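[1] requesting a structural model of the entry that follows:
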Amino acid sequence: MGSKDTLHRLVDALPETAVDEAERRLQALSTEDPVWRAALLAPLDDEAETPEESAALAEGREAIARGDVYSLEDVRRELGL
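    Below is the predicted model of the structure:
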């Protein structure tokens, strides 16, 4: 059976390139929420960004820069929540 001391040693020995993945996996193990666990354990999207995705991101960033955004309160008010 493993121990937290063993886990600490393993974490300390991790190369920097593996830290993000290890953190994600440990978070998944420590959550009771099955949806959050599934999201944390899902494979990372390593496909190249398409031109359409790049354009959509640029459009969103430009909208944010212009202040053309809605607060959570605005959305709730609009939806009557």
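[2] what's the local residue count around Asp12?
    A total of 7 residues lie near Asp12 under the criterion other CB atoms under 10 Å. Just so you know, the C-beta spots here come from the backbone N, C-alpha and C atoms, and that holds for glycine as well.
[3] how about it, secondary structure?
    In the three-state summary, Asp12 is assigned as helix, counting by DSSP: H, G, I helix; E, B strand; the rest coil.
[4] mind checking pLDDT for it?
    Reading off the confidence values, Asp12 has pLDDT 94.
[5] distance of it relative to Pro51?
    From Asp12 across to Pro51, the span is 43 Å (CB to CB, to the nearest Å).
[6] what's the answer for Arg9, then?
    Distance, Arg9 to Pro51, by CB to CB: 46 Å.
[7] which one's more surrounded, the two?
    For Arg9 versus Pro51, neighbours defined as other CB under 10 Å are more numerous around Arg9 (10 against 7).
[8] I'd like to know how many residues surround Thr50.
    Thr50 has 9 neighbours, counted by other CB under 10 Å.
[9] residue contacts, it?
    Contact partners of Thr50, counting by CB atoms under 8 Å, 6 or more residues apart in numbering, are absent.
[10] how close does it get to Gly60?
    From Thr50 across to Gly60, the span is 15 Å (CB to CB).
[11] same thing with Arg76?
    For Arg76, the distance to Gly60 - CB to CB - is 21 Å.
[12] what's the answer for Glu23, then?
    Glu23 is 27 Å from Gly60, by CB to CB.
[13] check Arg77 too.
    When CB to CB is the yardstick, Arg77 and Gly60 sit 22 Å from each other.
[14] now Asp45
    Distance of Asp45 to Gly60, computed by CB to CB: 17 Å.
[15] repeat for Leu14
    Where Gly60 is concerned, Leu14 sits at a distance of 34 Å (CB to CB).
[16] could you do Glu21 as well?
    Separation of Glu21 from Gly60 (CB to CB): 27 Å.
[17] if anything else comes up later, I'll come back, but that's it for now.
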